[in-house]
Structures are given as C-alpha cells and as structure tokens.
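Participant: Model the following, please.
(chains A and B)
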Protein chains: 2
Amino acid sequence: MRIAIDAMGGDHAPNAHVESVLSAAAEWPDTQLILVGDPDVLRPLLGDNAPGNISIEAASEVIENEDEPVRAVRRKTNSSMVVAGRMVKEGLADAMISSGNTGALMATGLLVVGRLTGIERPALAAMFPTLDNKGLLALDMGANMDAKPEHLLQYALMGSLYRSKVHGISKPRVGLLNVGTEAAKGNELTKITYGLLENAPIHFVGNIEARDVLEGVCDVMICDGFSGNILLKAIEGAASSIFKLLREELTSSLMSKVAAAAMKPNFRRIRDRMDYNEYNGAPLLGINGLVVKGHGSSDAKAMKTAIRQTRTAISNRLIASLADEFSGK
Amino acid sequence: MRIAIDAMGGDHAPNAHVESVLSAAAEWPDTQLILVGDPDVLRPLLGDNAPGNISIEAASEVIENEDEPVRAVRRKTNSSMVVAGRMVKEGLADAMISSGNTGALMATGLLVVGRLTGIERPALAAMFPTLDNKGLLALDMGANMDAKPEHLLQYALMGSLYRSKVHGISKPRVGLLNVGTEAAKGNELTKITYGLLENAPIHFVGNIEARDVLEGVCDVMICDGFSGNILLKAIEGAASSIFKLLREELTSSLMSKVAAAAMKPNFRRIRDRMDYNEYNGAPLLGINGLVVKGHGSSDAKAMKTAIRQTRTAISNRLIASLADEFSGK
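Facilitator: You can find the predicted model right below:
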C-alpha cells in the first residue's frame, strides 16, 4: 500500500514527519511511504541510507495555517497538501495524511479528491481518549458548520462502519451529543435526528451529555460541526488549564516540589491517558479516498500513530465499504 | 430587601438552605430571608432562636428533578418553586433563588414571573471560574435551544449590564463563542451575530474559542443555549475526569500516597479555583423580576454565595436597569 504524507504541514514539519516515516518504513516494509514536499529540504533529512520504501514527491509550495482554505487549495496547486490529494485522486496513493491547515485539508478532500457518491457532507472524525481506554470516535468536529438531520444520520452510518472496519468493534454503540439524555431534549436539529437514528441500521444508544464523553459511554458520537468543535476545544482547554494550575501549585514551595518530583511518573501516566496524540489520525469521512488529518502539533510518535491508523483503514478497505454502503442510496 | 428561597429544591435541600439562611440572616440584618417550603420540615431545622429576619412561607408541594418542567409548573401551583416565583411576581419578594429543576425554574420565570418587556427570549447566565480569578459570565447556558441572532444581541446587552451593575466592571469585554477567532468563522448564527455585536453599544472583543474560556479572555461570553450547555458540561466533565485520574494515580502506591498527602493543600487550592460554587447564583436574565438559579449540588456555603450575589443585584437595581434598557426598544 502507498501512503502520501504532506511533509510540509504541521508545527513540527518536516523533521517530525521524516522521523516518523523512517520509523514506519522499517516497521512496515510492505508500505510505500511518499513524502510530499521540497526535495531539497527532505533529502538531507532522510539521509543517504533511507530504505527503498520511502520516496519523495516534489511539491514547491506550502499551504500555511493563515491561508484562507478554499483560496489556498485553488491557487497553490503545487503545494504539498494539494499534490498529496491529487495522488489519492489519481490512484497514485491509497491515502494521504496531513497535519497542516484543517480547513485547507477539508477543501483538498472536497475539491481535489472529491466527495463519495451518496454523501451530502463529509465529516471530520476524531478519537477522544476515554477513562476506559477504549476511545470514542466523535464526528463531525468541524467540517460542516450548519448540519441538517440527514447529515447527522450519514455521520452515524459512516462512524459505525469506521469503528467496525478500523477498530474491529462488532456493534459500535452510537450516541447523539445533546443537552440531556431524554429523547425530547435539545434543539430542533437533535430532536429530528434522534428519530432518524432510532430507525437507522445502527446500534443507537440515545443522547449523550458532554460531561460523559470522556467516560466511554459510546463508541461513536454524532454532532454538528459547530458543537463538535466547541466540545473538543472545551475539553482540551479545561485539561490545559488544570495542568497549568497543577504546575503552578506544584512549584509553589519546596515541600510541594519534592512531593511533585516523587509523583512525576503518576502525572506522566495521567497526561498519557488524556493524550490526544495517542489517537492521532482523524479521517475526513465521506471523501472518495482516504484523507487523514493529523493534529497540528503532531510529533514523530503522533505522526507514526496516524500512519498506523491509516494502514489499518487501507487494509480493511474502508473507502470501498463506505462506497458500497452509500452508492445505492 | 426580601429574598425568597426555594427551601425544597436541590441535592442538599432543605438542610444546606436553612444553614445558609441562618448564616446570611446574621451577616445581613437588613435582609428579610423567606424560606419557602414545608413548615413542618423547616421549623425544626431553624430551631427556636432563629433571628427575626428569617420567615417561612408555606408550600405543600415539591417539583422534583424528574418532573417535566412546564407541566410541573402548571400543575404543582403550590410547590416551593412556584410559590417563590409568585411572591416575586406579586412584589412580596425582591428576588427568588432555587437550586431545583433548572427547566422548571426557567418555566417559573417565564410563566409565573413573566418576561421583561422588549426581551424576546430570557437567557440563563452562569459564572465560569477563570485562571485570572475574575470569572466570566456566560449566557445562554440552556434556556433557549434554538437562538436567533437578535436573541444573542439581547444576551450581550443584558450580560454587559449585569457585569457592570453587579460586579462593578465599567466596560465589560463581550466575546462571542465561536470555532475560530476570525470574523468569518462559524455557523450562520454566529456569522450574522458577529455583525450585530460589532454595531451594538457594548465593548465587543470578537470571537472567543472554547479552549480560551477559562483563561479569562473576556467578561461576558455570548452563545446559543445548546452550545452553551455543551461547553459548560464539557468543562465540568473534563475537570471531573482529570480529578478522577488524579485520585486513582495518587492512591496507586505507598510512595504516591505519601506525596499526595503532602500536597493536599495544593490540590485543595486547585479545586477551589476551579469551583463553580464559588460563583454560585446564575440569574435568569430577561425575566421581569430577579430569578436566580443555584447549582443543583449547592451546599450551605454555595447557597450563601448565591444570596450574596442576589443582594448585590437587588441593591444595584438590576431589574429596573434592564427594564429601562429594553422597554424603549
């Protein structure tokens, strides 16, 4: 299988990307890893002894985080992100991964790779860490800001298929993000969606409250892109604020410094369990090809996790299964 | 001034409520505190030496958390919550506080006390703790699930007035909860609202991302009730999950137990700084009378905080100011 990696997108590009690709190439010799970017930058980083299953595809431009997504994708046709997307479109790669500009990656998916027949709106799916360590796939995290009930129904079907194909869960529990657990709760969107999900060929477990997301109450959680983005960033922000307070407190006196030093492994374990990078690699579901978003701050380890997820999705023919599911509709 | 307290609503009713009222009555002799509920239950809790500025108003029914809000308010006309609301309506109390069923309290506000002239939809305003310890007033936290841009504009005006009248902030910074800081970001609702807020007589500071809410980036944050509820519960849930992991880790070995014991005061300080009860007392803004929601899990200290906030709002003629602001429109 062949995976195109946007080597120029993300806070730690290209170094982390090259490092992860070197490690992935050694672990999975059956996988062709294609670094897309400036050869003059990438070749020295790869070194002289790079294994044969790594190659470089030249791209002279870079889409920056500040670029307006749609315009950037239309104008920077030789950017690393767009070139990687074109490789997927033309069948030269089975998937692409980028940790660059999220909006631009969604535009690349829609405009360069193209929508899957039958899908009205693609959704960005992200894994949340959960206390039971099983993780929760949440979609949409921000691809579609004004979702309709039918979009949410399609997210539920796509999310279910992803969890069963990529994570091997036989009957994924699907929940709807809402302000209360009762069926009648919520806004117009969730009330109508609830009825659609009840009658869908999925294992619908009802409404899920935002406070229960990290507890592992379902395997797939559905929401509109606006709420999803609020949820994701609220959890990230709360975690970061608490850890900031912890750091302040733990360095406030000699006593607490000594105690904190003793507890370092404990704190590291908590951080690891809350770590989004552990689940790096958010697929843009509903695109006619595998387009995977890495966290903007992905380091080499996180990039390798994204490559691992992508490999599994390719092996299990995720896109073909989604196409089968929706093409008849 | 006279404050009616729903003595039967909330997880720790009526004990915490009676305890808080006894303490408040001693601290503020100018305030008449009216406990609304079952006299047979309340009288023994008050004891024989209750000060003269505490009285009991009989109410034979209780609205439970499981009750359907509107039906409960319509049918349980002799419930402690509805009786307290009626006292506000009839001018027998200057404010009411309840820690009971949130939906029922909103229905009490709308159906019993009534809307303020000129306000289309009331909003539930809650204070969030922030790292700079100044707190942030966020509205709407769930009174109005399908908000329109004009509602959000009214929230901005009401929130600004509340922060200046009750908290003495001269030019409160107003932010709009959104998925990015750029003006063009968001869904249809936030895009249109952005334009309205720019032209409103408030100190609008632009879009606020969910991850920055606890950092203290503004004094008033505006959002629709659905997103607000997701945000509030996401932050509560993330904090609770992290503290759960901390507890697990800190009791995992003798070493960590000893270290954790040494750090108890530090942890307590963190918990206090993240404590929503510190800011207890969320006003339902847009009602023609002061209706204040206490957190469901309010203890005596939190109830007293709600009483303190309510006193300040009464002294500063909050409702009259809101009426002046909106009646002409």
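Participant: For the helix or strand containing A:Lys257, list every residue counted as buried.
Facilitator: Assigned by DSSP states H and E, A:Lys257 belongs to helix A:254-262. Using 16 or more other Cβ atoms under 10 Å in any protein chain shown as the test for burial, helix A:254-262 gives A:256, A:259-260, A:262. For every residue, glycine as well, the C-beta is placed using N, CA and C.
Participant: which of those are close to chain B?
Facilitator: A:256, A:259-260, A:262 (Cβ under 8 Å from any Cβ of the partner chain).
Participant: Pull up the residues of the stretch 1-150 of chain A that are close to chain B.
Facilitator: So far as Cβ under 8 Å from any Cβ goes, the stretch 1-150 of chain A lies against chain B at A:131, A:142, A:145-146.
Participant: repeat that for 10 Å
Facilitator: A:66, A:68, A:102-103, A:129-131, A:141-142, A:144-147 (Cβ under 10 Å from any Cβ of the partner chain).
Participant: Take those and write them to CSV, including pLDDT, secondary structure and neighbour count.
Facilitator: Formatted as CSV, the residues of the stretch 1-150 of chain A next to chain B follow (pLDDT from 0 to 100; DSSP: H, G, I helix; E, B strand; the rest coil; neighbours: other Cβ atoms under 10 Å in any protein chain shown):
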residue, pLDDT, secondary structure, neighbour count
A:Glu66, 90, coil, 8
A:Glu68, 91, coil, 15
A:Thr102, 90, helix, 23
A:Gly103, 90, helix, 20
A:Pro129, 86, coil, 22
A:Thr130, 89, coil, 20
A:Leu131, 86, coil, 14
A:Met141, 93, coil, 23
A:Gly142, 90, coil, 24
A:Asn144, 91, coil, 23
A:Met145, 93, coil, 22
A:Asp146, 95, coil, 15
A:Ala147, 96, coil, 25
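Participant: What's the mean pLDDT across the one helix or strand A:Ala4 maps to?
Facilitator: Counting by DSSP H and E, the element that carries A:Ala4 is strand A:2-6. Averaged across strand A:2-6, pLDDT comes to 98.
Participant: Compute the inter-axis angle for the following helix or strand past it and strand A:2-6.
Facilitator: As assigned by DSSP H and E, the chain's next helix or strand after strand A:2-6 is helix A:15-27. Computed with axes from the mean of the first three to the mean of the last three Cα atoms, to 10 degrees, the direction of helix A:15-27 lies at 170 degrees from that of strand A:2-6.
Participant: how about helix A:15-27: buried residues?
Facilitator: Here helix A:15-27 shows A:16-22, A:24-25 as buried, counting by 16+ other Cβ under 10 Å.
Participant: do the same with stretch A:39-46
Facilitator: So for stretch A:39-46, counting by 16+ other Cβ under 10 Å, buried means A:41-42, A:45-46.
Participant: Now do that stretch: distance to the chain's middle.
Facilitator: 27 Å (Cα atoms, centre = their mean, to the nearest Å).
Participant: State the mean pLDDT of that stretch.
Facilitator: 96.
Participant: Strands of chain A, residue ranges please.
Facilitator: Here chain A has its strands, by DSSP state E, at A:2-6, A:32-37, A:54-58, A:95-98, A:123-128, A:136-139, A:173-178, A:203-209, A:220-222, A:282-285, A:290-293.
Participant: The second one pairs with which strands?
Facilitator: Pointing back at strand A:32-37 there. strand A:2-6 (parallel), strand A:54-58 (parallel) (DSSP bridges).
Participant: biggest separation within the buried residues of helix A:254-262, which pair?
Facilitator: A:Ser256 and A:Ala262 (10.6 Å; Cβ to Cβ).
Participant: which residues are in contact with both of the two?
Facilitator: Counting by Cβ atoms under 10 Å, 6 or more residues apart in numbering or on different chains, the shared contacts of A:Ser256 and A:Ala262 are B:259, B:262-263.
Participant: Please list which of those are also close to chain A.
Facilitator: Applying Cβ under 10 Å from any Cβ to the shared contacts of A:Ser256 and A:Ala262, one finds that B:259, B:262-263 fall near chain A.
Participant: What are the buried residues along stretch A:296-315?
Facilitator: Neighbour-count burial for stretch A:296-315 [16+ other Cβ under 10 Å]: A:298-300, A:302-307, A:309-311, A:313-314.
Participant: hmm, it touching chain B?
Facilitator: No. Contact of stretch A:296-315 with chain B (Cβ under 10 Å from any Cβ) is absent, the minimum separation being 12.7 Å.
Participant: Can you pull out the low-pLDDT segments for chain A?
Facilitator: A:273-278, A:329 (pLDDT under 70).
Participant: any idea how it splits into domains?
Facilitator: As recorded under automatic domain parsing, the domains making up chain A are A:1-119+A:286-329, A:120-278.
Participant: close enough to count as contact, A:Lys134 and A:Leu214?
Facilitator: No. Contact criterion Cβ atoms under 10 Å: A:Lys134 and A:Leu214 do not qualify, at 11.4 Å.
Participant: Give me the contact list for stretch A:60-75.
Facilitator: A:6-11, A:13-14, A:37-40, A:76-83, A:85, A:98, A:100-112, A:296, B:182, B:184.
Participant: Narrow those residues to just the buried residues.
Facilitator: Members of the contacts of stretch A:60-75 classed as buried by 16+ other Cβ under 10 Å are A:6-10, A:13-14, A:37-38, A:76, A:79-83, A:85, A:98, A:100-112.
Participant: if we can go back for a sec, in terms of neighbours, single out the busier of A:Lys134 and A:Leu214.
Facilitator: A:Leu214 (25 against 12; other Cβ atoms under 10 Å in any protein chain shown).
Participant: Quick check: chain neighbours aside, which residue is closest to that one?
Facilitator: B:Ser241 (4.3 Å; Cβ to Cβ, 6 or more residues apart in numbering or on different chains).
Participant: give the contact list for the one you found.
Facilitator: A:129-131, A:211-215, A:235, A:238-239, A:273-274.
Participant: Quick check: it vs B:Met263, distance?
Facilitator: Using Cβ to Cβ, to the nearest Å, one gets 20 Å for the distance from B:Ser241 to B:Met263.
Participant: From B:Val112, how far off is the closest residue to A:Cys218 other than its chain neighbours?
Facilitator: Leaving out its chain neighbours, the residue that sits closest to A:Cys218 by Cβ to Cβ, 6+ apart is A:Gly175, at 3.6 Å. Note on A:Gly175: its distance to B:Val112, by Cβ to Cβ, is 35 Å.
Participant: Also A:Thr193?
Facilitator: A:Thr193 is 33 Å from B:Val112, by Cβ to Cβ.
Participant: returning to what we had before: most widely separated two among the residues of the stretch 1-150 of chain A next to chain B?
Facilitator: A:Glu68 and A:Leu131 (38.9 Å).
Participant: Is A:Ile208 in contact with A:Gly186, as I believe?
Facilitator: No. Using Cβ under 10 Å, A:Ile208 is not in contact with A:Gly186, being 11.3 Å away.
Participant: Which residues are in contact with each of these two?
Facilitator: Residues touching both A:Ile208 and A:Gly186 (Cβ under 10 Å, 6+ apart): A:176-178.
Participant: could I get these as TSV with neighbour count?
Facilitator: Output for these, formatted as TSV (neighbours: other Cβ atoms under 10 Å in any protein chain shown):
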residue	neighbour count
A:Leu176	28
A:Leu177	28
A:Asn178	28
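Participant: which of these are close to chain B?
Facilitator: Within these, those near chain B by Cβ under 10 Å from any Cβ are A:177-178.
Participant: ok, so of the shared contacts of A:Ile208 and A:Gly186, who is nearest chain B?
Facilitator: Comparing these against chain B with Cβ to the nearest Cβ places A:Leu177 closest, at 6.8 Å.
Participant: For the closest one, give me its contacts.
Facilitator: A:138, A:152, A:186, A:190, A:193, A:207-210, A:212-213, A:218, A:221-224, A:227-228, A:230-231, B:226, B:230, B:233-234.
Participant: Give me the neighbour count for the residue nearest to it when sequence neighbours are not counted.
Facilitator: Distances taken as Cβ to Cβ, 6+ apart put A:Cys223 closest to A:Leu177, at 3.8 Å, once the chain neighbours are dropped. Neighbour count for A:Cys223, taken as other Cβ under 10 Å: 30.
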